[in-house]
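Participant: got a sequence here, can you model it:
(one chain, ligands or ions: 1)
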Amino acid sequence: MSKKTIGVLAMAYGTPASLDEAEAYYTHIRRGRKPSPEQLQELIDRYVKIGGVSPLNEITRKQTEGLERILNQTSRNLAYRVYMGMKHANPFIEDAVKQMAEDGIREAVGLVFAPHYSMMSIGAYMEAAKKGAEQFGGPSFTFVMQWHMQPQFLQAVARRLQAAMNRFPAGEREQVRLLFTAHSLPERILQMNDPYPQQLRETAAKLAEMIGHANWGFAWQSAGRTPEPWLGPDVLDVLRQLAKQGTRSVLICPVGFVADHLEILYDIDVECQALASELGMTMVRTAMLNADEDFLQALAAVVWEHTKRE
Ligand code: FEC
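Facilitator: Numbers count the residues shown, from 1 in each chain. Just a heads-up that it's a prediction; the model follows:
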């Protein structure tokens, strides 16, 4: 008897495949409104500074393939097919859902490669998948809403945190200010009782406890370029404040992200690093999870835990 096949829709933010596609990408992020020439140029300049393109699509593809491999290696009764769908770039979430429907996938799990739930982030991915399913006649979806406290995910980050902390001389580690960061969102999510800030603080507190480091805090990064207020404090302001208070060493752990991309390679590695040097501070960042085996195992565990619960 052939095994029953479960579809997994692996969703991530997406990035333009080349600078020629930057305008269409930015317009999609802005829900159809074109950016001004200055805004577009500013985005292109950031991509140029990280080498011309972001590695995000390539990393997401490797994560998707790795997840499918592990799910199928371990499962005795089910076969898994994992499809990659991007929020703002090709292949779009709706394209992946269309492909699932054409392949005859009836049951599917939606999983976003971002651990913390917000209706403005994960909620929007889910909406895109549901819209695609309605349009193309299935599959029937259930969604993993969050996985910010999944033990293997926490262990994988804790391992990288400890390795980054070990780059400071042993006698100085207690003085290192550990800063967890995540993508900011408009402040109005607070009026909606959105769980995003609370879930991030839970992950951060657990990780600090796991590596036994009491000197830690949380800051927001990469706030959007829109007039409305965004969640703060911003990581750049926190670095300035810490410098004033005499902090000399900072370890940044961008815990809201799982891959190397523009918000890491530019916002942290270029922008924060330049400010830290200007302020006379040593700044180190934790390695991202990317498509490393320990993280792929964590993602597979997230899928299993979800399918068992149903
Ligand atoms: O490497 C790359 O090219 C992609 C990097 C990238 C990631 C990412 C993740 C998140 N975002 C989230 C929220 C928002 C909101 C707005 C917004 C705007 C941008 C712009 C770029 C961009 N985001 Fe992003 N985000 C990435 C890139 N993001 C580029 C447009 C220029 C700018 O503001 O910098 C504002 C939209 C609006 O104008 O209305 C809101 C959240 C995440 C983390 C969760 C996830 O990965 O989905 C939340 C990676």
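Participant: and the contacts of stretch 40-59?
Facilitator: 12-19, 22-23, 26, 35, 86, 89, 225, 259-262, 265-266, 269-270, 290-291 (C-beta atoms under 8 Å, 6 or more residues apart in numbering). In this view, the C-beta of every residue, glycine as well, is placed from N, C-alpha and C.
Participant: near the ligand, from those?
Facilitator: 13, 15, 26, 225, 261-262 (C-beta under 6 Å from any ligand atom).
Participant: now, these that are in strands?
Facilitator: Among those, no residue falls in strands (DSSP state E).
Participant: tabulate the residues you listed (CSV), appending distance to residue 304, neighbour count and pLDDT.
Facilitator: Converted to CSV, these look like this (distance: C-beta to C-beta, whole Å; neighbours: other C-beta atoms under 10 Å; pLDDT from 0 to 100):
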residue, distance to residue 304, neighbour count, pLDDT
13, 25, 24, 98
15, 29, 23, 98
26, 37, 19, 97
225, 40, 11, 81
261, 27, 22, 98
262, 32, 20, 98
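Participant: hmm, back to that, whichever of the contacts of stretch 40-59 end up buried, select them in ChimeraX.
Facilitator: Selection of buried members from the contacts of stretch 40-59 for ChimeraX, criterion 16 or more other C-beta atoms under 10 Å:
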select :12,13,14,15,16,22,23,26,35,86,89,259,260,261,262,265,266,269,290,291
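Participant: and the next helix or strand past the longest helix seen in the chain?
Facilitator: The longest helix of the chain (DSSP state H) is helix 56-74. Later in the chain than helix 56-74, the nearest helix or strand by DSSP states H and E is strand 78-86.
Participant: near the ligand, which residues of this structure show up?
Facilitator: Proximity of the chain to the ligand, by C-beta under 6 Å from any ligand atom, involves residues 13, 15, 26, 29-30, 43, 54, 56, 114, 120-121, 183, 185, 224-226, 256, 261-263.
Participant: the same query, at a cut-off of 5 Å, please.
Facilitator: For the chain, the residues in contact with the ligand (C-beta under 5 Å from any ligand atom) are 13, 15, 29-30, 54, 56, 114, 121, 183, 224-225, 261-263.
Participant: burial count for the residue in the stretch 51-200 of the chain that the ligand sits nearest to?
Facilitator: Distances between the stretch 51-200 of the chain and the ligand by C-beta to the nearest ligand atom are smallest at residue 54, namely 3.1 Å. Residues near residue 54, counting by other C-beta atoms under 10 Å, number 25.
Participant: sec struct for it, please.
Facilitator: With DSSP: H, G, I helix; E, B strand; the rest coil as the basis, residue 54 sits in coil.
Participant: just the pLDDT at it, thanks.
Facilitator: Looking at residue 54, its pLDDT is 98.
Participant: next one: stretch 213-231 to chain centre, how far?
Facilitator: For stretch 213-231, the gap between its own C-alpha mean and the chain's C-alpha mean amounts to 15 Å (C-alpha atoms, centre = their mean, to the nearest Å).
Participant: ugh, wrong one, stretch 150-164
Facilitator: Distance of stretch 150-164 from its chain centroid, counting by C-alpha atoms, centre = their mean, is 15 Å.
Participant: going along the chain, name the strands of the protein.
Facilitator: Taking DSSP E as the test, the strands found in the chain are 4-12, 78-86, 107-112, 140-143, 177-183, 216-221, 249-253, 282-285.
Participant: low-confidence ranges, the chain, go.
Facilitator: 1, 309-310 (pLDDT under 70).
Participant: which stretches of it form helices?
Facilitator: According to DSSP H, the helices that the chain contains are 22-29, 37-49, 56-74, 93-102, 122-136, 151-165, 196-210, 235-244, 262-265, 273-278, 293-309.
Participant: residues touching the residue in the stretch 101-250 of the chain positioned nearest to the ligand, list them.
Facilitator: Per C-beta to the nearest ligand atom, residue 224 is where the stretch 101-250 of the chain lies closest to the ligand, at 3.4 Å. Residues counted as contacts of residue 224 (C-beta under 8 Å, 6+ apart) are 184, 186, 230.
Participant: relative to residue 281, how far out is the first one?
Facilitator: With the distance defined as C-beta to C-beta, to the nearest Å, residue 184 ends up 22 Å from residue 281.
Participant: go on, the last one?
Facilitator: When distances are taken as C-beta to C-beta, residue 230 and residue 281 turn out to be 24 Å apart.
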